[in-house]
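J.: Pasting the sequence and the predicted coordinates here, then a few questions.
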Amino acid sequence: LPALAHSQSGGEGRVCGTRMLAMKAVAAPSSAMATKPTSFLPAQIDEITVGTQLEFPVSGLPVLLPATCQHVGEHAFVFVEDTQWDTNGGSVLQSHVDGIAELFNRSSPADPDRGVYELASQAFGEPPDVDGHDRIFILILDISDPVFIGFFDPAVATHPVPELRRDVLYLDERAVRRSGYLARGTLAHEFQHLIHWGHDADEEDWINEGLSGYAEEL
């Protein structure tokens with residue numbers, strides 16, 4: 001199964017961000033860990049609520065990205081890059097966040113009573129837990145590369161700074177706002193990659209990508 005898929009809006013190419021990051025890490029092993037804190041790192045936060053601000057490592061950025069929790073659901077925190085939030089001059093609205101949260105936590109097109117988390121966990125296994133939180137982090141941000149709709153980055157899950165290790169899925173804010181169908185499929189796709197990494201970190205690409213395609217169908 002190919003890693004390259006096509007979106008439902010216009011047929012432009014879509015590349016799996018997780019696979020591309022892995023290829024870049026092989027070519028330049030140190031690049032994934034180039035991020036540095038923008039300030040003194042606080043101790044690990046035990047309780048995260050709406051309004052909690054954290055800094056996230058993002059592949060390709062030389063500094064950490066500040067983001068704020070905008071939703072706490074049964075299975076996920078949804079964070080939004082601060083500069084992309086509507087009250088800060090951005091375009092991401094609470095309705096965008098709530099739609100992603102509903103799909104992941106509670107209800108999907110395939111089953112109105114089960115979301116992506118439950119469907120994928122039952123099919124592929126329980127996700128890893130590198131941060132001590134019983135929820136997955138979903139970060140909506142501006143991804144600079146236009147072919148990336150979202151990704152899971154193992155370099156974050158194994159970050160050398162323990163406070164920055166998180167089970168996090170990255171979603172592009174433009175896709176969330178303008179291509180909801182594509183963003184939702186990508187969320188399921190990348191969640192499978194996170195689960196798969198926890199069980200078999202060096203799986204062959206064609207198997208891993210094939211299962212992520214199946215996750216979208218689920």
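T.: The structure has been received and is ready for your questions.
J.: What is the burial count for Asp46?
T.: 7 (other Cβ atoms under 10 Å). (Glycine included, C-beta is placed from N, CA and C.)
J.: tell me which element it is part of?
T.: Here Asp46 sits in a region with no helix or strand, counting by DSSP states H and E.
J.: And for Val97?
T.: helix 94-105.
J.: Which elements pack onto that helix?
T.: strand 65-72, strand 76-81, helix 116-124, strand 136-141, helix 173-178, helix 180-199 (3 or more Cβ pairs under 8 Å, 6 or more residues apart in numbering; DSSP states H and E).
J.: So which bits of the helix or strand that the last one is followed by are buried?
T.: The element immediately downstream of helix 180-199 (helix or strand, assigned by DSSP H and E) is helix 205-217. Taking 16 or more other Cβ atoms under 10 Å as the basis for neighbour counts, the residues of helix 205-217 that come out buried are 208-209, 211-216.
J.: cool, and stretch 173-183?
T.: 173-177, 179-180, 182-183.
J.: For the residue sitting nearest the centre point of the chain, give me the backbone phi and psi.
T.: Among the residues of the chain, the one closest to the centroid is Leu169, at 1.3 Å (Cα atoms, centre = their mean). Backbone torsions of Leu169, given as degrees, to the nearest 10, read phi -110, psi 130.
J.: coming back round to it: CSV for the buried residues of stretch 173-183, including pLDDT and distance to Leu61?
T.: As requested, these are arranged in CSV below (pLDDT from 0 to 100; distance: Cβ to Cβ, whole Å):
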residue, pLDDT, distance to Leu61
Glu173, 97, 15
Arg174, 96, 17
Ala175, 96, 19
Val176, 97, 19
Arg177, 96, 21
Ser179, 92, 23
Gly180, 90, 26
Leu182, 94, 23
Ala183, 96, 21
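J.: Can I get the residues you listed in CSV including distance to Leu141?
T.: Formatted as CSV, the buried residues of stretch 173-183 follow (distance: Cβ to Cβ, whole Å):
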residue, distance to Leu141
Glu173, 6
Arg174, 10
Ala175, 11
Val176, 10
Arg177, 12
Ser179, 15
Gly180, 17
Leu182, 16
Ala183, 12
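J.: Now the two most distant members of those residues.
T.: Spatial extent of the buried residues of stretch 173-183 (Cβ to Cβ) is set by the pair Glu173 and Leu182 at 12.9 Å.
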